[in-house]
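Chemist: Need coordinates for the below:
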Amino acid sequence: MSQTFLLHIDSLNVAGKYSHLRIGVLAFQGDVREHMQVLSALGAQVVKVRRPEELSSVDALVIPGGESSVMDKLVRQFGMQQPLRTAIADGLPVFGTCAGLIMMADNIVDAIIEQESLGGLHVDVRRNAFGTQIDSFEVDLPMPGVSEDLIPATFIRAPIVERVGDGVRVISQLQDGRIVAVEQGNLLGISFHPEVNGDTRVHEYFLGRVAQYVEKKKAKI
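Modeler: I've put the predicted structure just below:
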């Protein structure tokens, strides 16, 4: 983890703010460690999720970036597809980054043969919409509601959202209008990798949403 990241974390007033939250990171493939480091540094309890009992123990789930087709195969191989679909349908807060966004989408317009998604997020996405690994880039994005200032975003073989359905709110677009961040109820999906550049604002935003979910859940008991 970079020194810049550590300095940023040290400057945050987050001690104890998220310590009551138990956040799972789907740990079959991708940027699992990086997300766990950010969430732990922000004070949350963080666990890897590979089994149904681990999923049932968390307040929210992060689906990391990686290779969506490989992630899909492993999710099915380990019997996690239906538990994940049920959790999403039941309202569990889920944050998907890059491949995670693809996994959450109702429709993958350029899916490879037999590739499936978990669904729940009413969008159409296109995989690798910006090209190959060498076409990766960084840009400062406006994300109203997440931050008043621009957020640095790292795009690595990233998808884009080509269509949004009912209940989906667009929360960030590139200058050319391409949609790269959306929200629907307790679901947050973004095209980029906030876990790699030391800026924690998107993770903090998600944790804030999870805290609200937990409070509402307790109030109903």
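
Chemist: ok, residue 60 touching residue 26?
Modeler: No: under the criterion of CB atoms under 8 Å, residue 60 is not in contact with residue 26, lying 11.3 Å apart. (C-beta placed from N, C-alpha, C; glycine too.)

Chemist: quick one, which of those two is more surrounded?
Modeler: residue 26 (28 against 25; other CB atoms under 10 Å).

Chemist: residues contacting that one?
Modeler: 32, 49, 50, 61, 62, 63, 64, 71, 75, 84, 100 (CB atoms under 8 Å, 6 or more residues apart in numbering).

Chemist: Pipe these into TSV and attach secondary structure and distance to residue 114 per row.
Modeler: TSV is the format used below for the contacts of residue 26 (DSSP: H, G, I helix; E, B strand; the rest coil; distance: CB to CB, whole Å):
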residue	secondary structure	distance to residue 114
32	helix	24
49	strand	24
50	coil	22
61	strand	24
62	strand	25
63	strand	20
64	coil	22
71	helix	14
75	helix	13
84	helix	18
100	helix	20
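
Chemist: okay, those in a markdown table with pLDDT next?
Modeler: Formatted as a markdown table, those follow (pLDDT from 0 to 100):
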| residue | pLDDT |
| --- | --- |
| 32 | 97 |
| 49 | 98 |
| 50 | 97 |
| 61 | 98 |
| 62 | 98 |
| 63 | 98 |
| 64 | 97 |
| 71 | 97 |
| 75 | 97 |
| 84 | 98 |
| 100 | 97 |
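
Chemist: PyMOL command to pick out the buried ones of these?
Modeler: Selection of the buried residues among these in PyMOL, burial being defined by 16 or more other CB atoms under 10 Å:
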select buried, resi 32+49+50+61+62+63+64+71+75+84+100
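
Chemist: all strands for this protein, in order.
Modeler: 22-26, 45-49, 60-63, 94-97, 105-108, 121-126, 137-141, 151-155, 160-164, 169-173, 179-184, 187-190 (DSSP state E).

Chemist: Good, wrapping up.
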